[in-house]
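Novice: how would this look folded up:
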Amino acid sequence: MKKVVSTVVSVLLICGLATARVNKSKQGQTRASTNGKPVTIRWASVHPVDHPASQMMVRVANEVSQQTKGRVEIKGFPAAQLGASMDLIRGTQTGSIDMVSEGAANFGLYAPSVTIAEAPYIWRNIEHLEKALNGPFGQKISEELAGSGMRLLGAMYYGTRHLSTSTKEVHSVADCAGMKIRVPENDIFVAMAHSWGSNSRPITFSELYIALQYNIVDAQENPLPTFASAKFQEVQKYVILTGHIMTPLLVVINENTWQKLDPADREIVQASLVKNIEWQNDEIVKQENELIATLKSQGITIITPDVESFRVATLKTLPPMFEAKWGKGTWESIQSIQ
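Specialist: Purely as a prediction, here's the structure:
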């Protein structure tokens with residue numbers, strides 16, 4: 001089984017990136033005044049209420065309200081209350097929603113290069129991911145999002161994704177032939193599923209449990225904490241430890257909303273995010289370390305497959321397919337980070 005990175009190392013993720021981005025406020029930029037009125041920030045995600053990313057939202061909201069003495073109120077809307085993943089990102093870009101936590105690749109419409117952050121088998125470990133996002137690659141993502149009126153505040157470790165199935169054991173990529181695998185609504189995941197010989201089915205996360213329950217799809221792929229918090233163990237039988245994608249979850253705010261906050265309140269929001277991103281990352285790794293045994297006790301069969309067969313099939317197809325979108329040499333540049 002692929003070794004899960006230690007908790008100490010995983011307290012990652014891009015707190016440094018969040019700090020660097022927020023502190024680089026442009027000189028002379030016009031800022032909206034709150035005129036003493038409270039600012040309400042609607043922060044949305046698709047993640048289940050019990051997921052650490054959703055719990056982190058509550059922690060930040062409580063801290064910010066207390067520390068700003070009510071000047072900034074964050075209202076969390078997890079579990080796709082305000083829409084599916086792409087709806088939430090579009091809403092944040094237009095301003096109908098203020099803030100979103102979402103997988104990096106789903107921001108590809110506004111920041112094309114970011115989709116490589118969820119490319120299968122690109123990251124060796126969490127340290128590798130952290131170094132890339134805290135370097136020129138992270139700077140490029142931030143600049144691309146800024147061009148669409150959004151600000152990158154930070155990123156979390158969402159977990160390492162694995163395959164799960166309802167009725168079929170999977171021991172190598174050949175076993176995926178013809179299987180209906182649900183994937184998120186972005187082209188990286190669709191292409192990955194096709195490279196495995198399966199029939200990909202993009203379905204919104206909020207509809208996934210029912211799709212599994214009624215056999216609309218045979219399989220899905222997500223990190224173990226997401227699998228457990230969504231109660232997929234009720235509708236799946238096998239978890240296959242493919243470890244195919246290590247997902248960063250981006251925290252992004254509408255730029256106009258950000259400018260409504262007084263500078264001191266921005267610092268409070270930033271500090272709370274840094275602190276609670278660290279908590280969330282710890283919690284994800286803790287759950288990843290514990291969930292194998294928990295899921296086994298709940299009747300889930302855990303399979304360690306031929307991961308190399310998945311890696312070979314995927315890398316034969318995806319890097320050349322997306323080179324134009326990611327930028328020539330980007331894959332090699334990221335791989336060379338030590």
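Novice: would you map the helices across the stretch 151-300 of the chain?
Specialist: Using DSSP state H, counting those that start in this stretch, the helices found in the stretch 151-300 of the chain span residues 187-195, 208-213, 224-229, 255-260, 263-297.
Novice: and these: which comes nearest residue 244?
Specialist: helix 187-195 (7.1 Å; Cβ to Cβ). In short, each C-beta sits where N, CA and C put it, glycine included.
Novice: the closest one - contacts with which helices or strands?
Specialist: On a contact count with 3 or more Cβ pairs under 8 Å, 6 or more residues apart in numbering; DSSP states H and E, helix 187-195 meets strand 180-183, strand 199-202, helix 307-326.
Novice: any idea which of those scores lowest on pLDDT?
Specialist: Note on those: lowest mean pLDDT is at strand 199-202, with a mean of 92.
Novice: sheet partners, orientation included, of that one?
Specialist: Strand 199-202 sits in its sheet next to strand 180-183 (parallel), going by DSSP bridges.
Novice: could you export the strand it pairs with as PDB, CA atoms only?
Specialist: Taking Å, rounded to 0.1, in the frame of the first residue of the first chain, the C-alpha atoms of strand 180-183 are listed here in PDB:
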ATOM      1  CA  LYS A 180     -18.800   3.300 -15.800                       C
ATOM      2  CA  ILE A 181     -16.700   5.500 -13.500                       C
ATOM      3  CA  ARG A 182     -18.100   8.700 -12.200                       C
ATOM      4  CA  VAL A 183     -15.600  11.600 -12.400                       C
END
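Novice: what's in contact with that strand?
Specialist: 163, 189-190, 192-193, 196, 198-203, 208, 211-212, 216-221 (Cβ atoms under 8 Å, 6 or more residues apart in numbering).
Novice: point out the most buried one among the helices of the stretch 151-300 of the chain.
Specialist: helix 224-229 (a mean of 23; mean count of other Cβ atoms under 10 Å).
Novice: quick one: low-confidence parts of the stretch 201-338 of the chain?
Specialist: Within the stretch 201-338 of the chain, no stretch has pLDDT under 70.
Novice: can you give me the strands in the protein?
Specialist: Counting by DSSP state E, the chain has strands at residues 39-44, 72-77, 99-103, 150-165, 180-183, 199-202, 219-223, 238-254, 301-303.
Novice: for residue 171, find the nearest of the ones you listed.
Specialist: Relative to residue 171, the nearest member of these by Cβ to Cβ is strand 301-303, separated by 6.5 Å.
Novice: list the neighbouring strands of the closest one plus their orientation.
Specialist: strand 238-254 (parallel).
Novice: gap between the partner strand and the chain center?
Specialist: Relative to its parent chain, strand 238-254 has a centroid offset of 5 Å by Cα atoms, centre = their mean, to the nearest Å.
Novice: measure how that strand sits relative to helix 187-195, angle-wise.
Specialist: On the basis of axes from the mean of the first three to the mean of the last three Cα atoms, to 10 degrees, strand 238-254 is oriented at 160 degrees to helix 187-195.
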